[in-house]
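Student: Fold the following.
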Amino acid sequence: MDRVFLDANVLYAAAYKLSSPLRRLWGLKDVELWSCDYAVAEALGNLRQDRPEQVGELERLAGALKLQAAGPMAARLPGEVELVAKDRPILLSAIGAEATHLLTGDKRHFGPCFGHTMGGVLILPPSEYLRLRH
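Tutor: Numbers count the residues shown, from 1 in each chain. Next up is the predicted model:
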């Protein structure tokens with residue numbers, strides 16, 4: 001069974017547009033969806049600004065997630081990983097949740113990590129994970 005950790009931008013995109021292919025994640029068999037309060041709060045804040053009518057949808061999607069406490073921003077990351085402060089809790093939370101995958105659309109900060117396993121977590125863009133599941 002995959003333990004898939006979702007970054008804030010994945011949560012945001014899934015709630016933003018009801019026809020988003022990301023919503024398929026919630027229907028996959030043999031997958032546990034995880035995130036953290038930090039990511040959910042970031043997605044909620046952004047959605048309140050951009051599409052307030054979709055906040056209830058995000059709350060519904062988030063209700064189906066298992067939540068891991070957010071990792072501390074100052075904690076040490078595995079190996080040579082360098083991330084900006086706001087992204088550190090995401091990777092640390094995914095590691096703490098013992099996730100098999102971290103899905104993020106953040107190419108700017110996580111892009112160099114795509115396809116790499118860090119702290120036991122394979123970091124992928126969500127489209128790639130969905131492609132692999134077919």
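
Student: Spatially nearest residue to Arg23 (excluding sequence neighbours)?
Tutor: Using CB to CB, 6 or more residues apart in numbering and skipping the chain neighbours, the partner closest in space to Arg23 is Ala14 (5.2 Å). (C-beta placed from N, C-alpha, C; glycine too.)

Student: And the helix or strand containing Gly56, what's buried?
Tutor: Element membership for Gly56 (DSSP states H and E) is helix 55-62. The neighbour-count check on helix 55-62 (16 or more other CB atoms under 10 Å) flags 57-58, 61-62 as buried.

Student: List just the nearest of the residues you listed to Glu128.
Tutor: Using CB to CB, Leu61 comes nearest to Glu128 of those, at 20.5 Å.

Student: what about the residue lying farthest from the centre of the chain, distance to Gly45?
Tutor: Taking CA atoms, centre = their mean, the residue of the chain most remote from its mean C-alpha position is Glu53, at 21.8 Å. Counting by CB to CB, to the nearest Å, the separation of Glu53 from Gly45 is 15 Å.

Student: So what's the predicted local confidence for the residue nearest to Leu22 when sequence neighbours are not counted?
Tutor: Leaving aside its chain neighbours, Leu22 sits nearest to Ala14 (4.2 Å; criterion: CB to CB, 6+ apart). According to the prediction, Ala14 has pLDDT 98.

Student: give the contact list for Ala13.
Tutor: 20, 22, 105 (CB atoms under 8 Å, 6 or more residues apart in numbering).

Student: as a whole number, average confidence for stretch 47-57?
Tutor: 97.

Student: got the end-to-end distance for it?
Tutor: End-to-end span of stretch 47-57 (CA to CA, to the nearest Å): 10 Å.

Student: contact partners of that stretch?
Tutor: 12, 15-16, 18, 44, 58.

Student: top helix in this structure by residue count?
Tutor: Longest helix of the chain, by residue count under DSSP state H: helix 37-50.

Student: The residue nearest to Leu22 and Ser35: what is the separation?
Tutor: Ala14 is 11 Å from Ser35, by CB to CB.
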